[in-house]
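Peer 1: From the sequence below, what's the structure:
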Amino acid sequence: MKKENLIFVFLFILPIIIAFNPITSNVVNSQGSFFIRNYAPILDFIDDFQVYEGDIATINANASDLNWDSLVYSFSSPFNSSGGWQTFEGSIGIYDVNVSVSDGSGGEDSQIVQVTVLESVIDSPDNFTIFVNDDNKSVDINWTDVSGAIEYFVFYSNNLTDIEELNISYTTVLNYTVSDSNMTDFTAENNQTRYYRIASSSGTLRNLSDKIFAKHTFYLYGLDPDPVDNPHNKKNRISVIFENNYTAESLLQEIPYGRGVIIEKLIRISNTSYTYYPHIKGLGSNNFDIETGIGYNVEVNKSVEYTMVGEFNTSYSNMFELYGINVDPTDNPHNKKNWIGNVIPTSELAEDILQAVPNSRGQIIEKLVRESNTTYEYFPHLKGLGSNNFNIEVGSGYNLEVDGNVNYTR
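Peer 2: Sure thing, here's the model as predicted:
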């Protein structure tokens with residue numbers, strides 16, 4: 001009798017224990033059937049992120065589910081069903097993407113992920129070197145490899161404005177396309193002055209260097225021996241257009257075929273003092289520094305083309321301290337002379353220069369015209385007169401005469 005009572009109590013208590021099992025949380029209906037409770041999946045947190053236009057943006061979604069259900073992930077536009085998006089040029093912006101997960105039984109979780117598409121960039125070329133080859137005509141430009149660059153564009157023109165205001169997306173400027181980080185310009189001799197800029201490229205990405213390089217060729221005339229022993233047959237007026245580290249000696253040494261002989265500058269410190277200061281190649285005396293934009297007289301013993309290269313400073317300016325005297329008791333023409341040069345391409349004429357000298361002090365500007373090793377002409381323009389109103393040229397040196405001391409900035 002006791003045994004039967006014990007069995008009855010056990011059968012009565014068992015369903016009550018199952019109905020409130022805190023481990024499984026299963027429930028029992030009135031008929032005693034079991035139902036498994038469904039738990040919603042929990043989405044792992046996804047950090048906001050950035051990509052560059054043209055890259056593939058990918059959202060890696062993961063979630064946990066206590067019921068071990070098969071989970072389905074969804075992504076709002078512009079992402080596809082796999083959580084990927086091929087960005088494109090022009091897709092720059094911020095995108096709020098809804099990422100959700102479902103277990104197919106009503107359980108869901110979601111999160112907004114902020115995806116920022118940035119403008120794609122590639123570094124511009126840098127660390128340039130430029131030099132003239134042994135043929136004294138072609139020019140080599142080298143730079144450091146740019147990470148990610150597939151090719152490079154080398155733009156060139158004899159028009160500085162075209163290069164300075166270059167838009168690489170819509171340009172008609174001539175260029176070379178090269179796959180390596182160097183270029184040889186075999187056509188450099190076609191222009192007396194040529195300007196260069198280089199851009200890196202990778203697909204639709206391009207980045208143009210801010211630096212401008214240039215080459216300028218001086219056409220120097222000279223004769224040795226000279227049957228008439230005329231010193232003017234060797235003279236040439238030049239102006240260096242680059243920031244440089246030249247000395248008088250190094251410039252003469254660089255003139256091809258050993259033809260550089262003398263370079264001379266005019267020193268003025270007052271309106272009654274002047275010194276013509278020559279340096280002779282190979283001698284240690286008078287070896288002065290070469291200044292950008294100053295006029296020099298270069299003498300060669302035979303006609304030669306001399307090409308100089310360097311980085312070009314488009315914001316170059318120079319203040320010339322000009323010396324002169326209106327009424328000269330000694331009537332010495334040298335007391336009014338000043339040697340200047342021209343660096344930046346200009347549409348100015350000789351008259352414009354004289355008019356620009358402050359306080360109406362400009363009187364005469366003169367150039368030296370050389371067309372052969374036995375011809376020369378000193379070509380002066382007097383302010384206010386229409387004759388001899390010549391163009392001001394890049395790389396040329398001029399004699400500028402004033403009737404009083406004045407500072408003149410170009």
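Peer 1: Quick check: the residue lying closest to Ile212 once chain neighbours are set aside vs Phe242, distance?
Peer 2: Computed as CB to CB, 6 or more residues apart in numbering, the closest residue to Ile212 that is not its neighbour in sequence is Phe312, at 4.7 Å. C-beta coordinates here come from the backbone N, C-alpha and C atoms, glycine included. Distance of Phe312 to Phe242, given as CB to CB, to the nearest Å: 6 Å.
Peer 1: Same question for Ile364.
Peer 2: Counting by CB to CB, the gap from Ile364 to Phe242 is 28 Å.
Peer 1: got it, and Tyr152?
Peer 2: For Tyr152, the distance to Phe242 - CB to CB - is 23 Å.
Peer 1: what's near enough to touch the residue nearest to Ile212?
Peer 2: Leu160, Tyr195, Ile212, Phe213, Ala214, Ile241, Phe242 (CB atoms under 8 Å, 6 or more residues apart in numbering).
Peer 1: Please list the members of these that lie in helices.
Peer 2: Judged by DSSP state H, these include Leu160 as members of helices.
Peer 1: Hmm, which of the contacts of Phe312 is lowest in pLDDT?
Peer 2: Lowest pLDDT of these: Phe242, 90.
Peer 1: give me every residue that touches the residue lying closest to it once chain neighbours are set aside.
Peer 2: Nearest residue to Phe242 in three dimensions, chain neighbours excluded: Gly310, at 3.2 Å (CB to CB, 6+ apart). Residues in contact with Gly310, defined by CB under 8 Å, 6+ apart, are Ile130, Phe213, Ala214, Phe242, Glu243, Asn244.
Peer 1: which of these tops the neighbour count?
Peer 2: For the contacts of Gly310, the largest number of neighbours (other CB atoms under 10 Å) sits with Ala214, at 25 neighbours.
Peer 1: Tell me the confidence at Ser124?
Peer 2: Per-residue pLDDT puts Ser124 at 91.
Peer 1: rewinding a little: in a helix, the residue nearest to Phe242, correct?
Peer 2: No - counting by DSSP: H, G, I helix; E, B strand; the rest coil, Gly310 is not part of a helix but strand.
Peer 1: From Thr375, how far off is it?
Peer 2: To Thr375, Gly310 is 30 Å away according to CB to CB.
Peer 1: and if you look at Arg206?
Peer 2: With the distance defined as CB to CB, Arg206 ends up 49 Å from Thr375.
Peer 1: these two touch, right, Ser179 and Val154?
Peer 2: No - using CB atoms under 8 Å, Ser179 makes no contact with Val154, being 11.8 Å away.
Peer 1: higher neighbour count, those two?
Peer 2: Applying other CB under 10 Å to Ser179 and Val154 shows that Val154 carries more neighbours, namely 21 against 8.
Peer 1: how near is the more buried one to Val343?
Peer 2: Distance, Val154 to Val343, by CB to CB: 23 Å.
Peer 1: Kindly report the same for Tyr378.
Peer 2: For Tyr378, the distance to Val343 - CB to CB - is 23 Å.
Peer 1: Looking at these two, which one has more neighbours?
Peer 2: The neighbour comparison of Tyr378 against Val343 (other CB under 10 Å) goes to Val343, with 23 against 12.
Peer 1: hang on, isn't the more buried one packed against Thr292?
Peer 2: Yes - contact criterion CB under 8 Å: Val343 and Thr292 qualify, at 6.3 Å.
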